[in-house]
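A.B. asks: heads up, no residue letters with this:
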């Protein structure tokens, strides 16, 4: 009798070992949002702090909290990632549920305390390649998944931006943009029409849009406005500049070409 019982228990254990683990259903939310923030050296220390402070302030603003709580589920899932060169990406704040003022304040307070790293080069493509898989098995489920990319320059390292963007959009992920155009282009990889570059080469997917930051006093307001639009699922009207006769406004490899020229010089 003992052997029979032991055999049954052993069989059950072995059977359980070959079964896939039972996973709880993902929590439904109105939006899964990754804030993917540029910390490359082209961003001055004051710009990086301004950027971080802008996100911290926006996350606790009544307009943002109201947009979150007025959704169907009244909550979103949020993650904060910083990126620079092709291998310089890391998660500052892993996925958190934001469902009201208390959780928003907690997220913002922890983000404010986290150190800001700085790395060389700008690989938007690397940032996208790092961020996109973070939606898998994150414990949340939404019909809207968004990567919000902010930065002050074009892709100049890693795989070409269009090659990185295509599979992200194909996976049903929207890429929105926050091009930072506070300072006059002066570095070797800077371009004067970063907004056009972001519109033509970076953003994409259902309802994709961008909000441009042109001055330091606009930073917090621009971030707040963009978050409200993303959370509420609203797309502002974007009227692109007229395309040239060839049909292409900007070379999506401009950053790589500027870097090659810089290396030759």
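C.D. replies: That came through fine. This is a predicted model, so every value here is computed, not measured.
A.B. asks: quick one: the strands in the stretch 101-250 of the chain?
C.D. replies: Secondary structure of the stretch 101-250 of the chain (DSSP state E, counting those that start in this stretch): strands located at 140-141, 145-151, 173-179.
A.B. asks: tell me the strands beside the second one, with direction?
C.D. replies: The sheet places strand 145-151 alongside strand 32-38 (parallel), strand 173-179 (parallel), with pairing taken from DSSP bridges.
A.B. asks: just the angle between the next helix or strand after the first one and strand 173-179, please?
C.D. replies: Next helix or strand after strand 32-38 toward the C-terminus (DSSP states H and E): helix 45-59. If you take axes from the mean of the first three to the mean of the last three C-alpha atoms, to 10 degrees, helix 45-59 sits at 130 degrees to strand 173-179.
A.B. asks: so for residue 80, which of the strands of the stretch 101-250 of the chain sits nearest?
C.D. replies: Among the strands of the stretch 101-250 of the chain, the nearest to residue 80 by C-beta to C-beta is strand 145-151 (9.9 Å). C-beta: built from backbone N, CA, C; applies to glycine.
A.B. asks: returning to that earlier point: can you redo the strands paired with strand 145-151 as CSV with mean neighbour count?
C.D. replies: Written out in CSV, the entries for the strands paired with strand 145-151 read as follows (neighbours: other C-beta atoms under 10 Å):
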stretch, mean neighbour count
strand 32-38, 25
strand 173-179, 24
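A.B. asks: quick one: which of those is nearest residue 251?
C.D. replies: Distances from residue 251 to each of the strands paired with strand 145-151 were compared by C-beta to C-beta, and the smallest falls on strand 173-179, at 16.3 Å.
A.B. asks: low-confidence stretches in the stretch 1-150 of the chain?
C.D. replies: 1-24 (pLDDT under 70).
A.B. asks: what's the first-to-last distance across stretch 55-66?
C.D. replies: One end of stretch 55-66 sits 16 Å from the other (C-alpha to C-alpha, to the nearest Å).
A.B. asks: also stretch 94-102?
C.D. replies: Start to finish, the residues bounding stretch 94-102 are 17 Å apart (C-alpha to C-alpha).
A.B. asks: contacts for that stretch?
C.D. replies: The contact list for stretch 94-102, computed with C-beta atoms under 8 Å, 6 or more residues apart in numbering, reads 27, 29, 59-60, 65, 68-69, 74-79, 103-104, 106-107, 134, 138-140.
A.B. asks: and of the strands of the stretch 101-250 of the chain, who's closest to residue 256?
C.D. replies: Shortest distance between residue 256 and the strands of the stretch 101-250 of the chain, using C-beta to C-beta, is found for strand 145-151: 15.2 Å.
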